[in-house]
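A.B. asks: Any chance you can model this:
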Amino acid sequence: MGAIAIAVYFAALPAHGSAQSILYVAVGLASVCALVYGAARNLPRRERLPWHLFALGLLGQVVGDAISAVYEIGLNREPPNPSIADVFYLGGYPLLGLAIFLILRRLGGQTSRAAILDSVVVFLAVVLVQWVFFLEPIRDSSRFARLVDMAYPAADVLLLVGLAQLVLGPGGRTRAYRLLLVAVGLWVVGDEIYGLNVSSYRAGDWIDIYWLAAYVAWGAAALDPSIARLARPDRRRLPRLTMSRLCLLAAALLVGPVIMLVEKAHGRTPHAYSVAPFTAAIGMIVLARLAGLVRAVERSRRAERTARHEAERAQQLLSYQNAQLVELDRLKDEFVSSVSHELRTPLTSITGYVELLREDEHDDERRAYLDIVERNADRLLGLVSDLLFAARLQDGRLELKRESVDIRRIVEQAIQSARPRADVAKVQLTSDLTAVPPVSGEPDRLAQLLDNLVSNAIKFTPAGGEVCVSLCEREDGVLIEVSDTGIGIPEEERERLFQRFFRSQAALERQIQGTGLGLYISKAIVQAHGGRIGVESGDNSEGTKFIVELPVEGAEL
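C.D. replies: Residues are numbered from 1 along each chain as shown. Modelled structure (predicted):
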């Protein structure tokens, strides 16, 4: 709609006529209304103030335009200089500048030394341009008119500095932010061109396109929903010397020489006494800015060297501590292995003599005592054997004496050996075995695997439960499943189930005997045979199923 109104203004209406003046004021009023409405629709109450200030500032411009239109339409002449319209025109600029300041502050506008230096450089460059091209030429007008005429370039200084800060503002800009940039930029450009052609300007000239387009862009920025997230707030303590900031500093340094060239090209007397001090001040400030940057780089390098040194020391300490831990782990395994060896010999002797005593003892009560001794000695001997086997696994010394193994016979023997324990625990032990091809492996280790899995299932199944062992053929392998209706294993414990010395919380709470080595050893045996082992379980008394896959002779899983 705004583009259509601008097209109608220049193409459809008579040049310098009253219709153009009315449409110009209407476009400005529509922009003011859009600012108020857009802020109310898209922003919470606490964030509307900058946009209300924009609306008030532009309203001052619209009122000034309306007063000028009254002179042009009603009195058929241009308004005097100065006039009441100038009060509204000039009154709007501080409001526009304050709105820009509030927006930058909400987005995290910087107040660091570097940011202040950048702002001062921009301010000096803008003041120099305004002084040479706009303020100096009007020194000869009447005193009051001169003050009014000088106020306009001074007001543009405010907008130009605000525009520069918007350009250097936070990254991640939204469409509303870009529209605001365009609006302020167009307004400043229109003002500057007007200042160069003030004596020949008439309402309806081509310069009006800048102000009309600025009105449209301002209203579109407020109506765009992205106004709610205008840009990401800048959380850096120091603004980076980005390419845009570097270009701005370079442009500020070139302002003085460019002014001298322009004046020389137009045959004017160069304003050397004005240009020289401004250019020198800008150069000194830019030098201070770059010196600060160099100091910041040096501080960063020192901090980097310190951090690297500390990281190297931490890495050395960590390596030393890791070596200590590895050594402690080795000493622990060596100690366990040594103690296990020392225990195995007397335990073997105890079990042998207990067996001899049982053969010669005819007193039932004493035989019962000997049974208890033998049972506990066997349990200790099994524990010692597991500890020795685990130590061998840690050292990587598991070597298999492979041969062709009838795995079904191994499973049947494991079930037969476990049946007395199942009867004592009042657990039903069942099987579902089919004929399968032989596997390549060590019978004793496979028997140990089956004994571990079946005894575990019986141990963790309450009285009245069931343990089922199944065996079947799968592609290139055999599948062994040991399932129970026991207490189940929580999901968070299943990943640690095959770790050395790990015992589930349920086993600890129910004081179920064990060392946490059975499943660790079982996994090592399965992997040594080239197979896989896994577990399926529910969390609460839903039972557990251990699944073992072993390759048949001549095949790999």
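
A.B. asks: which non-adjacent residue is nearest Leu230?
C.D. replies: If the residues on either side of it in the chain are set aside, Leu230 comes closest to Tyr177, at 5.0 Å by Cβ to Cβ, 6 or more residues apart in numbering. The way it works is simple: take the backbone N, C-alpha and C, and place the C-beta from them, glycine included.

A.B. asks: Where does that neighbour sit, in terms of helix or strand?
C.D. replies: helix 175-196 (DSSP states H and E).

A.B. asks: now for that helix, which elements pack on it?
C.D. replies: In this structure, helix 175-196 makes packing contacts with helix 84-106, helix 143-167, helix 208-223, judged by 3 or more Cβ pairs under 8 Å, 6 or more residues apart in numbering; DSSP states H and E.

A.B. asks: same for the first one, what does it pack against?
C.D. replies: Using 3+ Cβ pairs under 8 Å, 6+ apart as the contact criterion, the elements in contact with helix 84-106 are helix 49-74, helix 143-167, helix 175-196.

A.B. asks: Buried residues, that helix. List them.
C.D. replies: 85-86, 88-93, 95-104 (16 or more other Cβ atoms under 10 Å).

A.B. asks: what angle separates it from helix 175-196?
C.D. replies: Computed by axes from the mean of the first three to the mean of the last three Cα atoms, to 10 degrees, the angle separating helix 84-106 from helix 175-196 equals 140 degrees.

A.B. asks: tell me the angle helix 84-106 makes with helix 208-223.
C.D. replies: Relative orientation of helix 84-106 and helix 208-223, computed by the same axes, to 10 degrees: 40 degrees.

A.B. asks: what about helix 84-106, average pLDDT?
C.D. replies: Averaging pLDDT along helix 84-106 gives 82.

A.B. asks: distance between that helix and the chain's centre?
C.D. replies: 39 Å (Cα atoms, centre = their mean, to the nearest Å).

A.B. asks: sorry, back to before: can you tell me which of the helices and strands packed on helix 175-196 is nearest to Ser537?
C.D. replies: Comparison of the helices and strands packed on helix 175-196 against Ser537 by Cβ to Cβ identifies helix 84-106 as nearest, at 55.9 Å.

A.B. asks: thinking again about what came up before, surely the residue nearest to Leu230 is in contact with Arg229?
C.D. replies: No. Using Cβ atoms under 8 Å, Tyr177 is not in contact with Arg229; the gap is 9.2 Å.

A.B. asks: So between those two, which is more surrounded?
C.D. replies: Taking other Cβ atoms under 10 Å, Tyr177 and Arg229 do not tie; Tyr177 has more neighbours (22 against 12).

A.B. asks: where in the stretch 451-557 of the chain is pLDDT low?
C.D. replies: The stretch 451-557 of the chain contains residues with pLDDT under 70 at 505-511, 513-515, 538-542, 554-557.

A.B. asks: can we see that at 80?
C.D. replies: Judged by pLDDT under 80, the stretch 451-557 of the chain has its weakly predicted residues at 476, 490-495, 498-518, 538-542, 553-557.

A.B. asks: At which residues are the helices of it located?
C.D. replies: 491-494, 505-509, 518-528 (DSSP state H, counting those that start in this stretch).

A.B. asks: Pull out the CA atoms of the shortest one and give them to me as CSV.
C.D. replies: Written as CSV, here are the backbone C-alpha positions of helix 491-494 (Å, rounded to 0.1, in the frame of the first residue of the first chain):
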residue,chain,number,x,y,z
GLU,A,491,16.6,-50.9,32.8
GLU,A,492,19.2,-48.7,34.4
GLU,A,493,21.1,-51.7,35.7
ARG,A,494,21.1,-53.8,32.5
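
A.B. asks: ok now it, how far from the chain's centre?
C.D. replies: Offset of helix 491-494 from its chain centre (Cα atoms, centre = their mean): 29 Å.

A.B. asks: Just the buried residues of that helix, please?
C.D. replies: For helix 491-494, by 16+ other Cβ under 10 Å, it's Glu493.

A.B. asks: and it, what other elements does it pack with?
C.D. replies: Judged by 3+ Cβ pairs under 8 Å, 6+ apart, helix 491-494 is in contact with no other helix or strand.

A.B. asks: cutoff 10 Å now
C.D. replies: For helix 491-494, the elements it packs on are helix 505-509, strand 532-537, judged by 3 or more Cβ pairs under 10 Å, 6 or more residues apart in numbering; DSSP states H and E.

A.B. asks: strands paired with the last one, and their directions?
C.D. replies: Based on DSSP bridges, the pairing partners of strand 532-537 within the sheet are strand 544-551 (antiparallel).

A.B. asks: surely Gly488 meets Thr544?
C.D. replies: Yes. Assessed by Cβ atoms under 10 Å, Gly488 is found in contact with Thr544 at 6.0 Å.

A.B. asks: So which of the two has more stuff around it?
C.D. replies: Neighbours of Gly488 and Thr544, each counted by other Cβ under 10 Å, are more numerous for Thr544; the result is 22 against 18.

A.B. asks: re earlier: export the helices and strands packed on helix 175-196 to CSV and append columns for distance to Arg408.
C.D. replies: Converted to CSV, the helices and strands packed on helix 175-196 look like this (distance: least, Cβ to Cβ, whole Å):
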stretch, distance to Arg408
helix 84-106, 78
helix 143-167, 82
helix 208-223, 81
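
A.B. asks: closest to Ile67 out of those?
C.D. replies: helix 84-106 (4.0 Å).

A.B. asks: the inter-axis angle of the host helix or strand of Ala39 versus helix 84-106?
C.D. replies: For Ala39, the host element (DSSP H and E) is helix 18-42. Interaxial angle of helix 18-42 relative to helix 84-106 (the same axes, to 10 degrees): 30 degrees.

A.B. asks: Excluding chain neighbours, what is closest to Leu223?
C.D. replies: Here the residue nearest Leu223, using Cβ to Cβ, 6+ apart, is Gly38, at 4.2 Å.

A.B. asks: confidence score at the nearest residue to Pro225 once chain neighbours are set aside?
C.D. replies: Among residues not flanking Pro225 along the chain, Asn42 sits closest, at 5.6 Å (Cβ to Cβ, 6+ apart). For Asn42, the pLDDT comes out at 88.

A.B. asks: Could you double-check that Gly441 sits in contact with Gly531?
C.D. replies: Yes. Gly441 is within contact range of Gly531, at 9.0 Å (criterion: Cβ under 10 Å).

A.B. asks: so what sits against both of the two?
C.D. replies: Shared contacts of Gly441 and Gly531, defined by Cβ atoms under 10 Å, 6 or more residues apart in numbering, comprise 449, 525, 550-551.

A.B. asks: Most neighbours among those residues, which one?
C.D. replies: Result: Leu449 is most packed of the shared contacts of Gly441 and Gly531 (other Cβ under 10 Å), 27 neighbours.

A.B. asks: Apart from its chain neighbours, what residue comes closest to Arg175?
C.D. replies: Using Cβ to Cβ, 6+ apart and skipping residues adjacent in sequence, the residue nearest Arg175 is Ser226, 5.0 Å away.
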